[in-house]
Structure formats: structure tokens, C-alpha cells
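Colleague: take this sequence and fold it.
(one chain, ligands or ions: 1)
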Amino acid sequence: MRNDFLGRTLAVIEDLSVEEQMFLYEKTRELKQKWHNGEDVSSFKIKKRNVGIYIVFVEPSTRTKESFVNAAKFHSGPNVKVNVFSSEHSSFNKQESYVDTFSMLTSYSDYSIFVVRTKLEGVCRLLERKVSEFAARNKIEVPSFINAGDGKHEHPTQELLDEYTFLEQNNFDTSFIHLALVGDLLHGRTVHSKVNGLKIFKSVKVDLVAPEELAMPDHYVEKMKENGFEVRTFSSIEEYLKQEDVAKIWYFTRLQLERMGEDILEKVHKLREAVTFKKEFLERLPEGVKFYHPLPRHKLYPTIPNFLDHLSLNGWETQARNGYWVRIVLLSMFGGSITAPFDTSKRNVEPEDDFIIPVPVVHGNKGVQKDGKRGIKPIDNGTVIDHIAKGKSPEEIYATILKIRKILHLYDVDSADGIFRSSDGNFKGYISLPSRYLSKREIKKLAAISPNTTVNIIKNCSVAEKYRIKLPPTIYGFEELRCKNEYCITNPVHGENVSPSFVRNKKGQFICEYCETPHSFEEIWSI
Ligand code: CP
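Modeller: Coordinates of the predicted model:
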């Protein structure tokens, strides 16, 4: 059991459990109160020896960067160095990889905390995995990585300050929240983080207010529903205010033109109109509404226009200022000065179901050969892969056979393959490999390429072992895997030389472990 947060990474909001998030909010409340009462807050300061806090922003930022710089300076002293890394003058410009760069920086302190903003998605997850290996090789303490916004993926520390601000408005009552998310819900990473961040509330009602072109991606909406949230959708503020049940918390985002394609940009005026608040809407708001915004606002076309700045519904200024306090506490936790009164080592790891299932062998069976079957010769020793893509068309079955051969490197071996109709009328494929035994690792690979296949190990003319293989819960370690998101750090165009890994969700989709883009089974293979 451990109760510290040293070496933890916050790549997505779910990297902190709900209990851990609530702990951070309670500590932030305590710090704010103590500060405002003029009490001693030194217990929050990092006391560990030779700690380096690196602020690395490879994408522009004002609030996140400066609030982190100031929060880091709260901790700075004889034990803690604060470094603002100048990415434009670094070896990034000489095509150095993220992994090499951060590995080097890790060497300059006994313990490091990195705050990282990038256009590419999944960078912190990559660094967590790869720089830990560097640290282990060099006997350095495993560093912490904090995602300060990665592309259109997530912005977990913004989520922490948003939720903290909602809690303040709710007097720290976590029983219920009703909020409207308004604006560019397609590209807005801060609204994507809400899908999990709002789980601190026991009951959640979310109104999504955005035109179709900027709608929240389906997989996030589905996740909200899976989380038990009530979700309603509206195409504009106008439409939203035509009904009675209006939320008291409105969370606006700006239109992220820099991430939009030409097709969407052509309609930008109409889209902006749909999510920009107008004077005439004021009288239709219920009592006590607060508006929030992660900021920045567009100076010419703010979705929250400046005439609202002086009204009591302005909640975005308090929200932005909370960023400083929340980030101090996060650094306190990851820097070891705050420990939890509960076990912090428990992670939500789902048990892997068994996907290679041994099947009882009927002795005397000779391979898969049956009387009258065309094309297959019985083999004395070796492996027969059977039931390939059963039920699919002959073209699909043959494509799967080719895929198996390619990924398992079964080209220059004595072998035969074919397609035949089984007794139930369905087509299925086989590959016969005389004198060649598949290893357990190869069978695992086969499970990822061609689930629901049967593997027969033939010895001395009869089946010695037989396995039915199912789709594994995680698919990784093959050079043929590709994430379809062009901004994912694993995409080969970014040159990080890392293969993606995919986790199968309950719906059978494959989620990239770096950028969390969902894929169908076919989409993960670049063959
Ligand atoms: N909210 C936010 O991320 O703002 P910055 O881009 O200025 O950091």
C-alpha cells in the first residue's frame, strides 16, 4: 500500500480516480482558505531534494502556461528548480524525438515533474512509458508527466480547475449537477475531458449546445451515457432557450478555427452565430446562472461577448484564477508534499479474459482432414490453422489468410492454404504448416489478426493440442498496427518510432491507448 503520488502521470483526467480528484479539490479549498486568512501554507511546498519542474509548451498558451509557471514558483526554493523550456530553440528543431528530449531532461534532477502542452495527441502517455524505461536503465526516480493540453484530445488540468469551480458554485455538494456545454464541442479538448471529470457528481445532466458541424464526437456522447449522464442535444442557443429546463451552469468554448478543415471554415459565420450569446437572450435565463469559459475568448468574435463581463453571471474570471490554486496542489501531490489518507496504488485494471482457450482433443483425429475434402493433405507434424474468417465471403477469407501470412511471416515456409465450405454451409479458410509449430506468442498474434480461428498442433499424425482463439482485450506490439488519427503521436509521420496499442471496449471498438481514438477491428491494421 502507498499513499503518495510520486511518479504519477496525468495524461487524461481518468488517471486520477474520483477519490483522488475529490482529495485534490478538498486540498485546494484548504489552501485557498489558509491563504486568504493569512495562515501558513508551507506544508503544501515540495520538500523533496533536487526536484526539477519543467514547463514545456510546444503550442501557444497564456493561462495554462503562466499559471503553471507561477504555481511552480510557489514551490521553488533550495530543493526545487523551475525550468521554462524553450522549445523553439531546442533540438526539437533538429528532429529530435520527444522521448530522447525528455529522457535527457530527466537526468538533470533527482526527480522531475514535466508539464507538457503539444499539438500532437497522446504525448504524455508515450513519455510515461518510454521515459520510465530510460529512468530504470539509469537508476533515476520515475518522473511525473502532466498533460497541459494535447491537440483536440484532453486538457485534464483545465478539467480539474473547472470541476473545482463548479464545486465552489455548488457549495461542494456533489449530489447533482446540470450544465450546458456550448460552442465547438468537436475540437474543444476541455469539453472532452468533462466526459469523465463530471463523474465526481452522483447525478449529471448535460445539455450539448452546438450545430451539427461542431457537435461532440459520438464516442464521447456514448461514454457520457455509459457513465449514467442524462444527455440532451440542441443545435443553437436560440433553440436551447426555447425550452424551459435551462441549466444554471453554462460552459462556453471558442471556435477552434486553427483545427478546422476548409469545409467547416466556409460556414464559420453561421456556426459562430449559433453559439454566441446575444443581449436579447438575457431575459430568458433563469435566476443565478453562471457562465464559464476555459478562455481565451476570440477578440473579434467572443462566444461570451464583452458586454457580459460586468454582470453577475461572469464566472469565468474566478474559474481562470482557480487554475493557479489547483495547479499548486497538483504539484504538491506529484512532488510528494501531500499524501492521501487512502491507498493510491490501486489502479482500475480490468482483468484480461482468457482469449486462447484449449479445446479437448479427440484422439485419433488426423489434422483437420476428413474424407472427401478437396485440397488439404493430412500432415504428420506441424500446425493447421482452421476456421479462418468463417462465414465471410471467399474474398474476405482470402484477404484474412494473406494478412495472417504477412504478419506471422509465413511466406517462405512449406505450407498450403485454401477455402472450403464447412458442413453448416459457411465458407472458411485454412492454412496448413507441415513441420512448423506456432509459438504461444504467435498464437496470441494470430488471435489479434483472426479471432474465432482454431489452431491444431499435429504430432505424429494426430491432433496433440487444439485451441480456439478469441479477440484479445489489448492488441499491441505489431509493426502493422496504425492509429487512424493523423495527430496521434504514434502516427509514423511524426517519427517517434512507437507502435500504437489498442484496448477493446465493451462495444467491441478498439481505443488507441495514446489518443483514445476509437477504431473498428479492420481500421487498426495498415495492411
Ligand atoms: N484555457 C487554456 O488552456 O488557455 P491557454 O491556451 O491560454 O492556456
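Colleague: is the ligand within reach of whichever strand or helix holds residue 164?
Modeller: Assessed by DSSP states H and E, residue 164 sits inside helix 156-169. Yes - contact of helix 156-169 with the ligand (Cβ under 6 Å from any ligand atom) involves residue 158. Heads up, the C-betas are built off the backbone N, CA and C, glycines and all.
Colleague: got the buried residues for that helix?
Modeller: Of all the residues in helix 156-169, those buried under the rule 16 or more other Cβ atoms under 10 Å are 156-169.
Colleague: and which of those is nearest to residue 439?
Modeller: residue 156 (39.9 Å; Cβ to Cβ).
Colleague: distance of residue 516 from residue 14?
Modeller: Separation of residue 516 from residue 14 (Cβ to Cβ, to the nearest Å) stands at 10 Å.
Colleague: more neighbours: the two, which one.
Modeller: residue 516 (23 against 18; other Cβ atoms under 10 Å).
Colleague: give me the phi and psi for the more buried one.
Modeller: According to degrees, to the nearest 10, the main-chain angles of residue 516 amount to phi 70, psi 20.
Colleague: name the residues of this protein found near the ligand, please.
Modeller: 61, 62, 63, 64, 65, 149, 155, 158, 294, 295, 296.
Colleague: of those residues, buried ones?
Modeller: Buried subset of the residues of the chain next to the ligand (neighbour count, 16+ other Cβ under 10 Å): 61, 63, 64, 65, 149, 155, 158, 294, 295.
Colleague: dihedrals phi and psi, residue 434?
Modeller: phi -60, psi 140.
Colleague: mind listing residues that contact the host helix or strand of residue 463?
Modeller: For residue 463, the element it lies in under DSSP H and E is strand 462-469. Defining contact as Cβ atoms under 8 Å, 6 or more residues apart in numbering, one finds that strand 462-469 is touched by 355-367, 443, 446-447, 450-458.
Colleague: what strands line up against the helix or strand following it, and which way round?
Modeller: Sequence order places strand 474-475 as the next helix or strand after strand 462-469, per DSSP H and E. Paired neighbours of strand 474-475 in the sheet (DSSP bridges): strand 502-504 (antiparallel).
Colleague: any idea of the mean pLDDT in the strand it pairs with?
Modeller: The average pLDDT for strand 502-504 rounds to 93.
Colleague: from the rest of the structure, what touches that strand?
Modeller: Applying Cβ under 8 Å, 6+ apart, the external contacts of strand 502-504 come out as 471-476, 481, 510-513, 519, 524.
Colleague: that older thread, closest to residue 247 out of the residues of the chain next to the ligand?
Modeller: Using Cβ to Cβ, residue 294 comes nearest to residue 247 of these, at 17.1 Å.
Colleague: what sits closest to that closest one if chain neighbours are left out?
Modeller: Nearest residue to residue 294 in three dimensions, chain neighbours excluded: residue 190, at 4.4 Å (Cβ to Cβ, 6 or more residues apart in numbering).
Colleague: wait, residue 384 sits on residue 456?
Modeller: Yes - contact criterion Cβ atoms under 8 Å: residue 384 and residue 456 qualify, at 4.4 Å.
Colleague: sorry, back to before: closest to the ligand out of the contacts of strand 502-504?
Modeller: Using Cβ to the nearest ligand atom, residue 512 is the member of the contacts of strand 502-504 that sits closest to the ligand, with 22.9 Å.
Colleague: so which residue of the stretch 401-527 of the chain comes closest to the ligand?
Modeller: Going by Cβ to the nearest ligand atom, the ligand is nearest to residue 487 of the stretch 401-527 of the chain, at 16.8 Å.
Colleague: neighbours around that residue, how many?
Modeller: Using other Cβ under 10 Å, residue 487 has 20 other residues around it.
Colleague: confidence score at it?
Modeller: Looking at residue 487, its pLDDT is 96.
Colleague: how about the contacts made by it?
Modeller: Contacts of residue 487 by Cβ under 8 Å, 6+ apart are 119, 120, 121, 151, 152, 515.
Colleague: state the pLDDT value of the last one.
Modeller: If I follow you right, that is residue 515. Value for residue 515, per-residue pLDDT: 97.
Colleague: before we move on, what about residue 366?
Modeller: You'll see residue 366 listed with a pLDDT of 55.
Colleague: and for residue 372?
Modeller: Residue 372 carries a pLDDT value of 38.
Colleague: residues in contact with residue 526?
Modeller: Contact partners of residue 526, counting by Cβ under 8 Å, 6+ apart, are 480, 481, 482.
Colleague: OK, contacts around the first one?
Modeller: So the one you mean is residue 480. 406, 407, 525, 526, 527.
Colleague: which strand residues bridge the third one?
Modeller: Beta-bridge partners of residue 525, counted by DSSP bridges, are residue 481.
Colleague: OK, contacts around the residue lying closest to residue 126 once chain neighbours are set aside?
Modeller: Once flanking residues are discounted, residue 126 sits nearest to residue 489: 5.1 Å by Cβ to Cβ, 6+ apart. Contacts for residue 489 (Cβ under 8 Å, 6+ apart) come out as 98, 118, 120, 121, 122, 123, 125, 126, 496, 498, 514, 515.
Colleague: from the contacts of residue 526, which is closest to residue 255?
Modeller: Using Cβ to Cβ, residue 482 comes nearest to residue 255 of the contacts of residue 526, at 30.0 Å.
Colleague: surely the closest one touches residue 524?
Modeller: Yes - taking contacts as Cβ under 8 Å, residue 482 lies within contact range of residue 524: 6.8 Å.
Colleague: quick check: which element contains residue 101?
Modeller: Assigned by DSSP H and E, residue 101 falls in helix 98-106.
Colleague: tell me which stretches of the stretch 301-450 of the chain form helices.
Modeller: With DSSP state H, counting those that start in this stretch, the ranges of helices along the stretch 301-450 of the chain come out as 316-334, 394-407, 440-449.
Colleague: residues of the first one that come out buried?
Modeller: By neighbour count, and taking 16+ other Cβ under 10 Å as the criterion, the buried residues in helix 316-334 are 316, 319-320, 322-334.
Colleague: OK, now which residue of the stretch 251-400 of the chain is nearest to the ligand?
Modeller: residue 294 (3.7 Å).
Colleague: look up how far residue 208 lies from that residue.
Modeller: 16 Å.
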